[in-house]
Each structure stands twice: as C-alpha cells, then as structure tokens.
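In: quick check, what structure comes out for this input:
(2 chains)
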Amino acid sequence: MIATVKGTRDILPPESFVWNRVEAVAREVFHSFGYGEIRTPLMEPTELFTRGIGEDTDIVNKEMYTFPDKKGRSLTLRPEGTAPVARAYISNNMQTLPHPLRLYYIGPMFRYERPQKGRYRQFFQIGAEILGPEEPAADVEMFSLLVDFLNRLEFTDLAVGLNSVGCEACRPGYRAALQAVLQEHKGELCVDCVRRIDTNPLRVLDCKEAGCQPVKKLLPSIGGHLCETCSAHLRFVEEGLNALKIRFELNDRLVRGLDYYTRTVFEVVSGRLGAQNAICGGGRYDRLISDLGGPKVPGIGFAIGQDRLIEILPESFKAKVKPGLDYFIVPVSPNELLPAFELAAKLREQGRSAGVALDGKGLKKGLKFAAATGAVSALILGEEEIKNGEVVVKNLATGEQVKKKIDEL
RNA sequence: GUGAGUGUAGCUCAGUUGGUUAGAGCGCCAGACUGUGGCUCUGGAAGUCGGGGGUUCAAAUCCCCUCACUCACCCCA
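Out: Sure, this is the predicted structure:
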C-alpha cells in the first residue's frame, strides 16, 4: 500500500465541507474589506526565501523543501506566503497599481519538520497583506480584518499578543543592550541561547528553557529602546485596538521567527491546541520588498494556520456546516428511476441540492443511505405518486412524512 | 535533527506464564421485513497480528533491526 508522504494528509468529506466553509467565510470577509486574491506559485527560486526570510532563521536553515530541477536550478516549496507576495509585487510592477494595495491568499505551505499535533509538512495558510502605507492605521486595519474573520467563525476565547521589534534606527541599540546583559550571564543560559547571543539575541526572549527564565527577567524591555517614531507607531496601534474594542495584551517578550519584521509584531494563540498553540502570526515588514530588489514599499500582514484553526473551530460554527443534500430521491422500483432524475434536475434548477438512489434496490436501502449521508429530506417516488403527480416527502430527522404535489416542493 | 510512547479487522480495542482454528463492540453487506432509515434479532464478508530477521517443538506474545504513526523538544501556522 502506498501511504501519504510524512506530514501530509488527505482531507475528505464531510471534513472538507468545513474547510470549504472556512475558506468561503475568509473570502467574504476579505472581499468586504476590499482585498483581492493573489495566487502565487507553490515553488519559487530558493534565493527568494534565503534573502527574504533571512539566512539565520530556522525556516531557512533546516525547514525548507529544497531540490534541484532538471536544469540544476535550486527550487523551494514555499514555506510561507509573504516573501512570494513581495516577489510578485516586484515581478508584476505592482507599484503602478492604486495604493494601498490589499491582497490575500489561501493555500498550502511546506516545511520540513517532524510532524506533531498542529504541525504538518504540508499545511494551509490563510493570509492577508496590505502594501504601501507606512502609517499605523494600516496595522489597525489588519487587526480589524483579522478579528472580524475570527468572530465570523464564532471564536470567543482567543488571545491577541502585541509588541514592537523596532526599526533599523533603534533595534541595533536594543540588540546591543541585550547582548551586554546576556554576555554577563552566559554561564546560566542553555546552549541555544548562548549561540543566539551573537546570531539573534532577541530570540532569547522567546526561549522556554527553565534555566533561561531567571536571566530573561533581567533583560531590558524593548519599550525603553524604541525610537520616537516606533513608540508613537505602537501607541497609535494600541489606541486603534482599544477604539475597535479588540482585546490584546502588550507582550514585550514577543518575537517572531522571521527576520523581515519591523515595528509591529503580533500573534493569536489558543489554549486548546497543545504545544503548537499559535493560530496566527503577523507583523510589519517595511524593508522586505526593497531588500528583494524592489521599490521602498512598506507592508504589513498576517498568516493564519488553517489546519490549527479548524482543529479548534467552535462547535457552534461547525454545526452549521451541512454536507448533506436538501433532497434525496428514492425510486420505489426501477420504473421510477428516470422520473427521479427529472425531478432531481428540476430541484437543482431551483437552487436546491438533490440526489437519486441509483441502485433500484428499493426504499429500505435508499432511505438508509439518505439518512447516513445527512440528507435533510427523502423524496419517495413510486408508481402511485407518479400517477398523481406527487411525492412522499419524508423528514429524515423527525421521521414525519407527507404527500405533496411535485409542483409544490 | 533529539527524546518518549504506540503499532492486532474500515474504526475503538481485548488476547493469561509463549500452546492448537487470533476475538469483541461499532461500522459494512445480506436476511427476518418484495412501499419506509434510526430499534431488535439472525447470518456474512473482512486480519501478511506494521515489515524483516532471530530464539523455540511452537511467537501477536521473547530478542535484534527496520518502517510508520502519535506526543514532546527545537521552532513555528
């Protein structure tokens, strides 16, 4: 037997109906904010990610699906969506379009990691980006969009974390301040954090090793190191969130794993997911497009993990997703099979969903199948019904049944 | 990449100190019931016991290797 590749999986009905519904809600919400869908290739030149995400990140170091094509070019299955969007922006001269430019994407991403709960090698992200504005109003709009979407899925118990990682003006100063303290306490840190002192000291803030926690308490908060522009930016975002009544927590230890973030970073976590509890991460990336050789255009965006989102989707939302047909028509004998098809076609023309029992094996099997597949009603069609232009309508939940004229359905 | 746990029917699992033909529930199929699903009863199909090797008269059971899955670490969606 041939199995799926490690960390990949099949999504089957009726579960796929839930996926479709979540995607449909995402599109509705994004469209209502004026965002248009962008579809970028699943594979890109490897260089896009090494330059865009950063050489020293875990994603680039150990998590990419990279392989040579037949001409020896190095290709990589996209591990995230923002760098491809930035590339597409440059490739298509999108700076000539009206700005701010609002884009969204839905699709699979790939990372070569050991699978666990909420983590797959092929996983799906729903993301949005706004390109152009430097103003914090764009950040606030992103939150508004995100929260609107999550509310439509009927989430009530998610926590939003917010921080600023500064900009090219103030981050180096903070970085140096961190390094100074970390050097003093080098002996108390885990091996990873010792390495991070040089490579990425901000990441120590995120370390979960028990031994590192006391040192973390000694580390300065970035708040005191932000330049005037960055702290004003952050203040505006906070005010905006308050005005929108979006509950959030300022978390000065929040750092993201991608190098391209500047200023605003945020994440949404759930308590119901196990260790991999982040369902959404995002932030501002003012230098990404220019770093990739494009114009100096800032941007901000987020990515939601669709697999994780669906894992914790509220029952109240899931209950409304109905995979079953409106009508399942059961011919009593093979003589009624063709009239059943005609009736089904007529119902579909009216916008209802309808199916027909194909095996001609009678009511018993037909009704059993109808109920098992979640149809709302069964329509029983026999010799007598056809003679009178009627059908028996049976509600499969309650068992009640009534005769109705076919025209009155 | 590291660690731990688990692999027996489609699913959930039982299987005694190694012992004869590997079981149950659910599901599936058929029948009781040739115009009525869910309840009940009867019957049926379905297993390379993850795979390979070893020990033994005898292995689902013990040993070694391997693969897969799960959870956790790292990190992230």
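
In: state the distance from the nearest residue to A:Ile279 once chain neighbours are set aside to RNA strand B.
Out: In space, and not counting its chain neighbours, A:Ile279 is closest to A:Arg308: 4.7 Å by CB to CB, 6 or more residues apart in numbering. No exception for glycine: its C-beta is placed from N, CA and C like everyone else's. To RNA strand B, A:Arg308 is 5 Å away according to CB to the nearest atom of the strand, to the nearest Å.

In: helices or strands next to the helix or strand containing A:Arg308 in the packing?
Out: Here A:Arg308, judged by DSSP states H and E, is contained in helix A:306-311. Packing partners of helix A:306-311 (3 or more CB pairs under 8 Å, 6 or more residues apart in numbering; DSSP states H and E): helix A:15-32, strand A:122-131, strand A:278-284.

In: and that helix, how far out from the chain's middle?
Out: Centroid separation for helix A:306-311 versus its chain: 8 Å, with CA atoms, centre = their mean, to the nearest Å.

In: what's around the residue nearest to A:Ile279, how many residues?
Out: Number of residues near A:Arg308 (other CB atoms under 10 Å) recorded here: 24.

In: got a list of what it touches?
Out: A:Gly118, A:Ser270, A:Leu273, A:Gln276, A:Ala278, A:Ile279 (CB atoms under 8 Å, 6 or more residues apart in numbering).

In: quick one: those as JSON lines, columns for distance to RNA strand B and pLDDT too.
Out: What follows is the contacts of A:Arg308, written out as JSON lines (distance: CB to the nearest atom of the strand, whole Å; pLDDT from 0 to 100):
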{"residue": "A:Gly118", "distance to RNA strand B": "6", "pLDDT": "89"}
{"residue": "A:Ser270", "distance to RNA strand B": "9", "pLDDT": "85"}
{"residue": "A:Leu273", "distance to RNA strand B": "8", "pLDDT": "79"}
{"residue": "A:Gln276", "distance to RNA strand B": "4", "pLDDT": "79"}
{"residue": "A:Ala278", "distance to RNA strand B": "3", "pLDDT": "89"}
{"residue": "A:Ile279", "distance to RNA strand B": "5", "pLDDT": "93"}
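
In: pLDDT score assigned to the residue in chain A positioned nearest to RNA strand B?
Out: Across chain A, the shortest distance to RNA strand B (CB to the nearest atom of the strand) belongs to A:Gly257, at 1.1 Å. In this prediction, A:Gly257 carries a pLDDT score of 70.

In: surely A:Val140 meets A:Arg235?
Out: No. Counting by CB atoms under 8 Å, A:Val140 does not reach A:Arg235; the two are 11.8 Å apart.

In: these two: who's more crowded?
Out: A:Val140 (21 against 13).

In: helix or strand: which one has that one?
Out: A:Val140 belongs to helix A:136-152, assigned by DSSP H and E.

In: so after that helix, what's the next helix or strand?
Out: strand A:159-164.

In: output the helix holding A:Arg308 as PDB, nothing but the C-alphas.
Out: Output of helix A:306-311 as PDB, limited to C-alpha atoms (Å, rounded to 0.1, in the frame of the first residue of the first chain):
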ATOM      1  CA  GLN A 306      -5.900  26.800   8.700                       C
ATOM      2  CA  ASP A 307      -5.200  23.300  10.000                       C
ATOM      3  CA  ARG A 308      -4.900  24.600  13.500                       C
ATOM      4  CA  LEU A 309      -7.900  27.000  13.100                       C
ATOM      5  CA  ILE A 310     -10.100  24.100  12.000                       C
ATOM      6  CA  GLU A 311      -8.800  21.900  14.900                       C
END
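
In: for the helix holding A:Val140, packing partners?
Out: helix A:15-32, strand A:122-131, helix A:228-243, strand A:262-269, strand A:278-284, strand A:299-305.

In: now render those as TSV, adding distance to A:Gly81.
Out: Output for the helices and strands packed on helix A:136-152, formatted as TSV (distance: least, CB to CB, whole Å):
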stretch	distance to A:Gly81
helix A:15-32	13
strand A:122-131	5
helix A:228-243	22
strand A:262-269	16
strand A:278-284	11
strand A:299-305	6
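
In: domains of chain A?
Out: Following automatic domain parsing, chain A resolves into domains at A:15-170+A:226-318, A:327-408.

In: ok, back up a step: closest to A:Ile126 out of the contacts of A:Arg308?
Out: Lowest distance from A:Ile126 to the contacts of A:Arg308 (CB to CB) belongs to A:Ile279, with 10.2 Å.

In: give me the neighbour count for the closest one.
Out: Residues near A:Ile279, counting by other CB under 10 Å: 25.

In: isn't it up against A:Arg272?
Out: No. Counting by CB under 8 Å, A:Ile279 stays clear of A:Arg272, with 9.8 Å between them.

In: re the thing from before, a markdown table for the domains of chain A, including distance to A:Cys207?
Out: Below are these laid out as a markdown table (distance: least, CB to CB, whole Å):
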| stretch | distance to A:Cys207 |
| --- | --- |
| domain A:15-170+A:226-318 | 10 |
| domain A:327-408 | 48 |
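
In: quick one, strands of the stretch 51-200 of chain A?
Out: Using DSSP state E, counting those that start in this stretch, the strands of the stretch 51-200 of chain A run over A:65-68, A:74-77, A:101-110, A:122-131, A:159-164.

In: winner for burial among these?
Out: strand A:122-131 (a mean of 23; mean count of other CB atoms under 10 Å).

In: how far away from the center of its chain is that one?
Out: Using CA atoms, centre = their mean, the offset of strand A:122-131 from its chain centre is 6 Å.

In: just the buried positions in stretch A:21-32, please.
Out: A:Arg21, A:Val22, A:Ala26, A:Val29, A:Phe30 (16 or more other CB atoms under 10 Å).
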